[in-house]
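Undergrad: The following block contains a protein sequence and its predicted model.
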Amino acid sequence: MAYAPDIDSTRAVPAVAGRPSISAILPAYNEEAVIERSVRHVADVLRGLTDDFEVVVTNDGSSDGTADVLARLEGDPSLRLRVVTHPRNLGYGAALGSGFDAARKELIFFTDGDKQFDVRELSTFLPAIGGPTDMVIGWRRKRADPPLRLLNAWGWKQLVNGLFGYTARDVDCAFKLFRREVWESVTVQARGATFSAEFLIKTRRLGFGIVELPVTHLPRTAGQATGARPAVIARAFVELVRLRLNLERELADSRARPSTAAAASSS
């Protein structure tokens, strides 16, 4: 992953309960019908929690009018919106990675741009982060997905937890809050659907503290999910095999990489 040169991980997260500093990341692929509502809703929620926030949307090569909608929304200063654009579709993980790299605040929150989560529940995550807890991840109380997606998700969780040990109750839940320091410390190679699993596996193995909390999952009202496409599934399995073969070496590289704090003190 690329790392922003102006990041200083030695800074403590400011009083989370009082004035959190939050970057909200939304990946978007052909979400023309819902992305404006998503951005406005996220900005409204963050405005009620803090005055130090930004909304970052990664437009992952959308072929519909998503780019036009986002360009218009960037003109509204109340949204504090920045758009990261992929000229072509690179995959879900690539969209998240670009958004995380672009984040300027000290806490990173991400959810999907399809409005299947109630962003107001972020208020229950903020008090949980701090002390030994570096990441708070959601698990869906009741998934509002078709039966085939539910079956695929169950099988994927069993596979990930079976190969790597317990990773999460809901590996791919798109509702996570974490310190930016976590992202700086973890190099994620996956660019597709394995991204969340790899991120969590490496976060746990590197010793960061994780707490899991329940969240509400809502039916998709527009757009089209891509997770069940054969090409997406095949890519996920290839990425998972690569992770299994290379995990220990990649973790060793992460542990050996000088921290931002060490680099700052030597400069």
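TA: Yep, that arrived.
Undergrad: Distance from the chain centre to stretch 120-127, please.
TA: 16 Å (Cα atoms, centre = their mean, to the nearest Å).
Undergrad: Next: stretch 142-155.
TA: 20 Å.
Undergrad: Can you show me the CA trace of it as CSV?
TA: Taking C-alpha atoms only, stretch 142-155 is exported to CSV below (Å, rounded to 0.1, in the frame of the first residue of the first chain):
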residue,chain,number,x,y,z
LYS,A,142,-29.8,-10.2,10.7
ARG,A,143,-28.4,-10.0,7.1
ALA,A,144,-30.9,-8.5,4.7
ASP,A,145,-29.6,-10.6,1.8
PRO,A,146,-31.0,-13.2,-0.6
PRO,A,147,-30.5,-16.9,0.5
LEU,A,148,-27.7,-17.5,-2.0
ARG,A,149,-25.6,-14.6,-0.6
LEU,A,150,-26.3,-15.8,2.9
LEU,A,151,-25.0,-19.3,2.0
ASN,A,152,-21.9,-17.9,0.3
ALA,A,153,-21.2,-15.6,3.2
TRP,A,154,-21.5,-18.5,5.7
GLY,A,155,-19.2,-20.7,3.6
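Undergrad: in that stretch, what's buried?
TA: 143, 145, 152-153 (16 or more other Cβ atoms under 10 Å). Every residue, glycine included, has its C-beta placed from N, CA and C.
Undergrad: farthest pair in those residues?
TA: R143 and N152 (11.1 Å; Cβ to Cβ).
Undergrad: which ones among the buried residues of stretch 142-155 are found in helices?
TA: 152-153 (DSSP state H).
Undergrad: For L26, pull up the helix or strand it's in.
TA: Element membership for L26, per DSSP states H and E: strand 21-28.
Undergrad: strands paired with that strand, and their directions?
TA: strand 52-60 (parallel), strand 107-111 (parallel) (DSSP bridges).
Undergrad: Tell me what angle the helix or strand just after the longest one forms with strand 21-28.
TA: Looking back up the chat, that one is strand 52-60. Following strand 52-60 in sequence order, the next helix or strand is helix 66-73 (DSSP H and E). Comparing the axes of helix 66-73 and strand 21-28 via axes from the mean of the first three to the mean of the last three Cα atoms, to 10 degrees yields an angle of 150 degrees.
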